[in-house]
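Visitor: Just a sequence and a predicted model for now, questions to come.
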Amino acid sequence: MKTMQRAAPLAAAALCLLAVATAFALQAALGLEPCPLCILQRAALLALALGCLAAAAVAPRHPRLAAGAVIAPAVLGGAMALEHLRIALAGDGAAGCAAQPATSALADWLGATLGSVFLASGQCADVDRLLGVPYPGWALLVLVAVPVLVCPLLARD
């Protein structure tokens, strides 16, 4: 079972990195402009990938710590994805990113610090879709699925 305690979080980390790479590729290929919440969801997915790597390292000895490393970024990222979906589905562009100055400030800092791939230039209410699902919906799917699938495996002896 210790193999699964390491393999599951490693596979989950790969899934998170694939989600972020897909976002970057679609941004470049389709000329999409990510909004501040898009950038923060990408950061949450990267944090979740790091949490999964940490979980793989400590899982057999410290399963609760491993679960916490997976759950914390997933909850924060999931909250951002839900808020983004709420803004997008409400269709009220005025109540979008501009209504959340802390979100915009953090996304601006990430863009200035990490470069153009983290530069937020779009509006939160303008959400594109992939296979009919809004992009924040895909992020939410990964952010929910990873802890739901990985954490039970971490707790097993």
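Guide: That came in fine, so what should we check first?
Visitor: quick one: buried residues of the helix or strand where residue 83 lies?
Guide: If you go by DSSP states H and E, residue 83 is part of helix 63-90. Within helix 63-90, the residues that qualify as buried are 63, 66-71, 73-74, 76-78, 80-85, 87-88, counting by 16 or more other Cβ atoms under 10 Å. Heads up, the C-betas are built off the backbone N, CA and C, glycines and all.
Visitor: Point out the other helices and strands that that helix packs with.
Guide: On a contact count with 3 or more Cβ pairs under 8 Å, 6 or more residues apart in numbering; DSSP states H and E, helix 63-90 meets helix 2-30, helix 36-58, strand 133-134, helix 135-155.
Visitor: report the angle between the axes of it and helix 135-155?
Guide: 160 degrees (axes from the mean of the first three to the mean of the last three Cα atoms, to 10 degrees).
Visitor: please renumber so the chain begins at 54
Guide: Got it, first residue is 54 now, which makes that one helix 116-143.
Visitor: Would you confirm that residue 87 contacts residue 80?
Guide: Yes. In terms of Cβ atoms under 8 Å, residue 87 counts as a neighbour of residue 80; the distance is 6.1 Å.
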